[in-house]
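Peer 1: predicted coordinates and the sequence they were generated for:
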Amino acid sequence: MPELTSADLCCVIECLLFASNKPLSDAKLAEVLGVPEQRIMVLIDQLQQRLEGRGLCLVELAGGYNLATRSEYADFVEGLLEPEPERLSVAALETLAIIAYQQPITRPEIDEFRGVNSSGVINTLLEKGLVEVAGRKQAPGRPFLLRTTSHFLSSFGLRDIDELPHLGALEAEKLAEGLAESVQQQSLDAQEEEQLSPPDEAESVR
């Protein structure tokens, strides 16, 4: 097979991003293309230039790259898809905000923040793939530690967790407000839900 030119490699990256249901990192693209990781950044810049003036654009999410429709054409895309948004409840958004700002954190610690039992809400967030188990805390009972996932970053339009606004107060309501301010919307549409692969084993968080 002849060596691919930079133009060819840009086309391959465009195909990979189109076919993938999650952002692809520099390392993953380099692995698939068989080129040094440093070259990926150059190819990404070239692809961005090629996409200028077109309906699709390159976005950086959750430590990787993805193709997206341009915001100015969102009304037409929504008219085609007609998604039925599934909004997060106030309790779910509040709990997700606490995990995002305080991760890794245990369920008892979340209960202390909220003042109520959060097991049901946490299991819902686990099923949606927005949070995941990140081991156990070295404490009596060894409760599960929870953290947000790359799907959380993608769903809320964040490159990394550092893009959340910095807050002084740590009250649950304040954290929820901070999370809401950092995103364009607080719901996951039906198309995003179809792309979600739930954890193989849904564990009840102690």
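Peer 2: Ah, there it is. Residues are numbered from 1 along each chain as shown.

Peer 1: so where's the chain shaky on pLDDT?
Peer 2: Where the chain drops to pLDDT under 70, the residues are 1-2, 82-86, 167-206.

Peer 1: for the chain, which segments count as helices?
Peer 2: Along the chain, counting by DSSP state H, helices occupy 6-19, 26-33, 37-50, 74-81, 90-102, 107-114, 119-127, 150-155, 172-181, 190-195.

Peer 1: so the chain: which segments form each domain?
Peer 2: 6-80, 86-195 (automatic domain parsing).

Peer 1: which of those is buried the deepest?
Peer 2: Among the domains of the chain, ranked by average contacts under mean count of other CB atoms under 10 Å, first place goes to domain 86-195 (a mean of 17). Quick note: C-beta positions are derived from backbone N, CA and C, even for glycine.

Peer 1: so who does the nearest residue to residue 110 once chain neighbours are set aside touch?
Peer 2: The shortest distance from residue 110 to any non-neighbouring residue, by CB to CB, 6 or more residues apart in numbering, is to residue 118 (4.8 Å). By CB atoms under 8 Å, 6 or more residues apart in numbering, the contact list for residue 118 reads 91, 95, 107, 110-111.

Peer 1: for residue 149, see how far away residue 118 is.
Peer 2: Using CB to CB, to the nearest Å, residue 118 is found at 18 Å from residue 149.

Peer 1: first-to-last residue distance for stretch 53-72?
Peer 2: End-to-end distance for stretch 53-72, by CA to CA, to the nearest Å: 12 Å.

Peer 1: oops, could you answer that again for stretch 68-88 instead?
Peer 2: 23 Å.

Peer 1: tell me how far that stretch is from the chain's mean position?
Peer 2: From the chain centre to the centre of stretch 68-88 is a distance of 17 Å (CA atoms, centre = their mean, to the nearest Å).

Peer 1: ok, now stretch 36-52?
Peer 2: Mean-position distance between stretch 36-52 and its chain equals 22 Å (CA atoms, centre = their mean).
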